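Visitor: coords please:
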Amino acid sequence: MIKQISSRLEDLEVKELLAYSVFPDPERLDQAVEAYRKPNGLELYGYEEEGVLVGIIGVDKVEDEMTIKHIAVTPENRGKDYGRGMILELMVQQKPARVIAETDEEAVGFYRSIGFEIYSLGEIYPGVERFRCVYEVEEEEE
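Guide: Purely as a prediction, here's the structure:
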(Lines give C-alpha, C1' and ligand atoms only; values in the text may rest on other atoms or scores of the structure.)
Protein backbone atom coordinates (compact mmCIF):
# COMPACT_ATOMS: atom_id res chain seq x y z
CA MET A 1 0.00 0.00 0.00
CA ILE A 2 1.20 3.49 -0.83
CA LYS A 3 1.25 6.09 1.93
CA GLN A 4 2.40 9.65 2.55
CA ILE A 5 5.97 9.69 3.90
CA SER A 6 6.98 13.37 3.76
CA SER A 7 7.52 13.21 7.53
CA ARG A 8 10.27 10.59 7.02
CA LEU A 9 12.64 12.75 4.94
CA GLU A 10 15.49 12.21 7.40
CA ASP A 11 15.27 8.39 7.19
CA LEU A 12 18.29 6.95 5.39
CA GLU A 13 16.16 4.60 3.27
CA VAL A 14 13.99 7.50 2.09
CA LYS A 15 16.99 9.67 1.20
CA GLU A 16 18.66 6.75 -0.57
CA LEU A 17 15.60 6.15 -2.77
CA LEU A 18 15.20 9.86 -3.44
CA ALA A 19 18.88 9.99 -4.46
CA TYR A 20 18.19 7.39 -7.18
CA SER A 21 15.67 9.75 -8.75
CA VAL A 22 17.97 12.79 -8.98
CA PHE A 23 21.23 12.96 -10.83
CA PRO A 24 23.89 11.77 -8.37
CA ASP A 25 24.47 15.21 -6.95
CA PRO A 26 24.21 15.93 -3.19
CA GLU A 27 23.05 19.49 -3.88
CA ARG A 28 20.12 18.30 -6.02
CA LEU A 29 19.21 15.76 -3.35
CA ASP A 30 19.15 18.52 -0.72
CA GLN A 31 16.97 20.66 -3.00
CA ALA A 32 14.54 17.77 -3.48
CA VAL A 33 14.32 17.13 0.28
CA GLU A 34 13.62 20.83 0.90
CA ALA A 35 10.86 20.83 -1.74
CA TYR A 36 9.04 18.12 0.24
CA ARG A 37 9.48 20.00 3.54
CA LYS A 38 7.70 23.15 2.37
CA PRO A 39 4.10 23.51 3.53
CA ASN A 40 1.69 22.98 0.62
CA GLY A 41 4.65 21.85 -1.50
CA LEU A 42 5.46 18.54 -3.09
CA GLU A 43 4.08 15.33 -1.57
CA LEU A 44 6.22 12.23 -1.09
CA TYR A 45 4.68 8.76 -0.98
CA GLY A 46 6.28 5.42 -0.28
CA TYR A 47 5.39 1.82 -1.01
CA GLU A 48 6.27 -0.71 1.66
CA GLU A 49 6.22 -4.47 1.41
CA GLU A 50 6.63 -6.52 4.60
CA GLY A 51 7.78 -3.40 6.45
CA VAL A 52 10.49 -2.57 3.90
CA LEU A 53 10.35 0.59 1.79
CA VAL A 54 10.74 -0.58 -1.82
CA GLY A 55 9.77 2.56 -3.72
CA ILE A 56 8.97 6.26 -3.54
CA ILE A 57 7.01 8.63 -5.72
CA GLY A 58 6.96 12.39 -5.30
CA VAL A 59 4.27 14.52 -6.89
CA ASP A 60 3.07 18.06 -7.26
CA LYS A 61 -0.69 18.33 -7.52
CA VAL A 62 -2.24 21.52 -8.84
CA GLU A 63 -6.01 21.42 -9.26
CA ASP A 64 -6.72 18.31 -11.35
CA GLU A 65 -3.20 17.84 -12.69
CA MET A 66 -0.58 15.66 -10.98
CA THR A 67 3.09 15.99 -11.96
CA ILE A 68 5.48 13.20 -11.05
CA LYS A 69 8.65 14.87 -9.77
CA HIS A 70 10.54 11.82 -8.49
CA ILE A 71 10.05 8.08 -8.72
CA ALA A 72 12.46 5.35 -7.65
CA VAL A 73 12.46 1.69 -6.71
CA THR A 74 15.24 -0.14 -4.86
CA PRO A 75 17.63 -1.75 -7.38
CA GLU A 76 16.76 -5.30 -6.29
CA ASN A 77 13.04 -4.64 -6.91
CA ARG A 78 13.23 -2.93 -10.31
CA GLY A 79 11.36 -4.58 -13.16
CA LYS A 80 8.75 -6.01 -10.78
CA ASP A 81 6.03 -3.42 -11.57
CA TYR A 82 6.40 -1.45 -8.33
CA GLY A 83 6.84 1.82 -10.26
CA ARG A 84 3.75 1.17 -12.36
CA GLY A 85 1.82 0.13 -9.25
CA MET A 86 2.75 3.30 -7.37
CA ILE A 87 1.62 5.52 -10.25
CA LEU A 88 -1.66 3.65 -10.72
CA GLU A 89 -2.44 3.50 -6.99
CA LEU A 90 -1.73 7.21 -6.59
CA MET A 91 -3.99 7.97 -9.55
CA VAL A 92 -6.80 6.06 -7.82
CA GLN A 93 -6.19 7.94 -4.55
CA GLN A 94 -5.70 11.44 -5.99
CA LYS A 95 -8.11 11.22 -8.98
CA PRO A 96 -6.28 13.65 -11.29
CA ALA A 97 -7.55 14.38 -14.79
CA ARG A 98 -3.98 14.35 -16.13
CA VAL A 99 -0.64 12.95 -14.98
CA ILE A 100 2.60 14.45 -16.30
CA ALA A 101 6.23 13.40 -16.00
CA GLU A 102 9.45 14.63 -17.57
CA THR A 103 12.12 12.04 -18.15
CA ASP A 104 15.10 10.92 -20.19
CA GLU A 105 15.35 8.38 -22.99
CA GLU A 106 16.12 5.56 -20.53
CA ALA A 107 12.69 5.80 -18.84
CA VAL A 108 10.46 6.63 -21.83
CA GLY A 109 9.56 2.97 -22.40
CA PHE A 110 8.40 2.66 -18.79
CA TYR A 111 5.94 5.54 -19.16
CA ARG A 112 4.86 4.41 -22.63
CA SER A 113 4.05 0.92 -21.26
CA ILE A 114 1.59 2.46 -18.79
CA GLY A 115 -0.17 4.40 -21.55
CA PHE A 116 1.49 7.81 -21.37
CA GLU A 117 1.77 9.82 -24.59
CA ILE A 118 5.41 10.78 -25.19
CA TYR A 119 6.58 14.15 -26.55
CA SER A 120 10.21 15.06 -27.20
CA LEU A 121 11.38 18.28 -25.54
CA GLY A 122 14.66 18.17 -27.46
CA GLU A 123 18.07 18.56 -25.88
CA ILE A 124 17.43 20.49 -22.69
CA TYR A 125 20.93 19.59 -21.49
CA PRO A 126 23.77 19.22 -24.04
CA GLY A 127 23.59 15.73 -25.53
CA VAL A 128 20.60 14.68 -23.41
CA GLU A 129 17.15 14.49 -24.95
CA ARG A 130 14.27 14.96 -22.49
CA PHE A 131 10.67 13.88 -22.89
CA ARG A 132 7.31 15.04 -21.57
CA CYS A 133 5.03 12.12 -20.74
CA VAL A 134 1.30 12.80 -20.43
CA TYR A 135 -1.48 10.48 -19.30
CA GLU A 136 -5.07 11.66 -19.72
CA VAL A 137 -7.13 9.85 -17.10
CA GLU A 138 -10.42 8.54 -18.43
CA GLU A 139 -13.49 9.40 -16.42
CA GLU A 140 -15.09 6.47 -14.65
CA GLU A 141 -18.38 5.34 -16.06
CA GLU A 142 -21.28 5.26 -13.61
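Visitor: strand partners of the host helix or strand of residue 44, parallel vs antiparallel please.
Guide: Per DSSP states H and E: residue 44 is located in strand 43-49. Looking at strand 43-49 with DSSP bridges, its partner strands are strand 2-4 (antiparallel), strand 52-62 (antiparallel).
Visitor: quick one: which of the ones you listed is nearest residue 69?
Guide: Checking the strands paired with strand 43-49 against residue 69 by C-beta to C-beta gives strand 52-62 as the closest, at 4.6 Å. C-beta: built from backbone N, CA, C; applies to glycine.
Visitor: Mind checking the pLDDT average for the closest one?
Guide: Averaging pLDDT along strand 52-62 yields 95.
Visitor: who's in contact with that strand?
Guide: Residues from elsewhere that reach strand 52-62 (C-beta atoms under 8 Å, 6 or more residues apart in numbering): 2, 5, 11, 13-14, 17-18, 21, 32, 35-36, 41-48, 66-74, 77, 82-83, 86-87, 90, 94, 96.
Visitor: Buried residues in that strand, which are they?
Guide: If you call a residue buried by 16 or more other C-beta atoms under 10 Å, then strand 52-62 has these buried ones: 53, 54, 55, 56, 57, 58, 59.
Visitor: that older thread, could you give me the average pLDDT of the strand holding residue 44?
Guide: The average pLDDT within strand 43-49 is 95.
Visitor: Quick check: closest non-adjacent residue to the residue nearest the centre of the chain.
Guide: Taking C-alpha atoms, centre = their mean, the centroid of the chain lies closest to residue 71, which sits 3.2 Å from it. Distance criterion C-beta to C-beta, 6 or more residues apart in numbering; nearest residue to residue 71, sequence neighbours excluded, is residue 57 at 4.8 Å.
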